[in-house]
Structure formats: C-alpha cells, structure tokens
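**Q** Predicted model and sequence follow; I will ask about them next.
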Amino acid sequence: MLKLTTIAIVVRNEKKAAKWWNEKLGLRIVTRFPHWYTVATPKSTVRIHLCPDSKPEKGNTGISFSTKNAARTEKDYRKKGVKITTPTTKEEWGTYFMFADPDGNEFFVFEE
C-alpha cells in the first residue's frame, strides 16, 4: 500500500522559502540538502518539497509516495497494467520507481 509522502511546490529560493515556512507558519524543516528542502507540520508525515525555480520536468506532478518494497510494488503495478516510466532504481539517496496515470502525469514511489 502506498503512503503519500511529498508534494512539490516551485519557489525562487528553497533556503529562504524553508525559513519562511518555519518562522512564519511554524512548519518544521525536515530535510536540508542542495535542491532538496522539505518542510512539514509538526505531526504530519507528508512533506512539502520546496523546489528551486527551474523549467518543469515534463509530466512530473511533484507528488511522491512511499512503499516498503519498491521492486515488489513496481511488479504488482506492471501486472495491473500500470505504465512504469522509470523502473526501480537504486541511488545513493534512495530506491525509487516512477509510474504514469492515463493522462501522462508521473509520480515517484520511494522505498521506505
């Protein structure tokens, strides 16, 4: 089962935006990496990814989910006819795959 984990918004400067969300609205800063700042309300597991202003990636909705086993979830989705746009990939920062809905909107699925 998927869990909603991240929703992205485009900002001019992710560091300044994180500071604003923290100081003005009381959201906690969850992650601080170059080009990967996230904030969340105190008890929420859903984070807002503050994306630096750049050309949008075609189809990327900025919405991500998580699952306990990315490869197994990808396999299950393929059996159901879900279009996988990026197969399960292991990076130094995590394991993920991407799928698309019938309209071409893409979603990330990260392994917990």
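**A** Looks like it came in fine.

**Q** packing partners for the helix or strand harbouring residue 18?
**A** Here residue 18 is covered by helix 14-25, with elements defined by DSSP states H and E. Contacts defined by 3 or more Cβ pairs under 8 Å, 6 or more residues apart in numbering; DSSP states H and E place helix 14-25 against strand 28-33, strand 36-40, strand 47-52. No exception for glycine: its C-beta is placed from N, CA and C like everyone else's.

**Q** 6 Å instead?
**A** strand 36-40, strand 47-52 (3 or more Cβ pairs under 6 Å, 6 or more residues apart in numbering; DSSP states H and E).

**Q** Which secondary structure state does the residue nearest to the spatial centre of the chain sit in?
**A** Residue closest to the average C-alpha location in the chain (Cα atoms, centre = their mean): residue 64, at 3.5 Å. Classification of residue 64 using DSSP: H, G, I helix; E, B strand; the rest coil returns strand.

**Q** low-confidence ranges in the chain?
**A** Residue ranges of the chain with pLDDT under 70: 54-56.

**Q** picking that back up, any idea how far the helix holding residue 18 is from the chain center?
**A** 19 Å (Cα atoms, centre = their mean, to the nearest Å).

**Q** can you check stretch 82-97 too?
**A** For stretch 82-97, the distance to the chain centre is 12 Å (Cα atoms, centre = their mean).

**Q** Walk me through the domains of the chain.
**A** 7-54, 61-112 (automatic domain parsing).

**Q** Tell me which of those lies nearest to residue 1.
**A** Among those, domain 61-112 comes nearest to residue 1, with 7.4 Å by Cβ to Cβ.

**Q** So what would you say the end-to-end distance of the closest one is?
**A** 20 Å (Cα to Cα, to the nearest Å).
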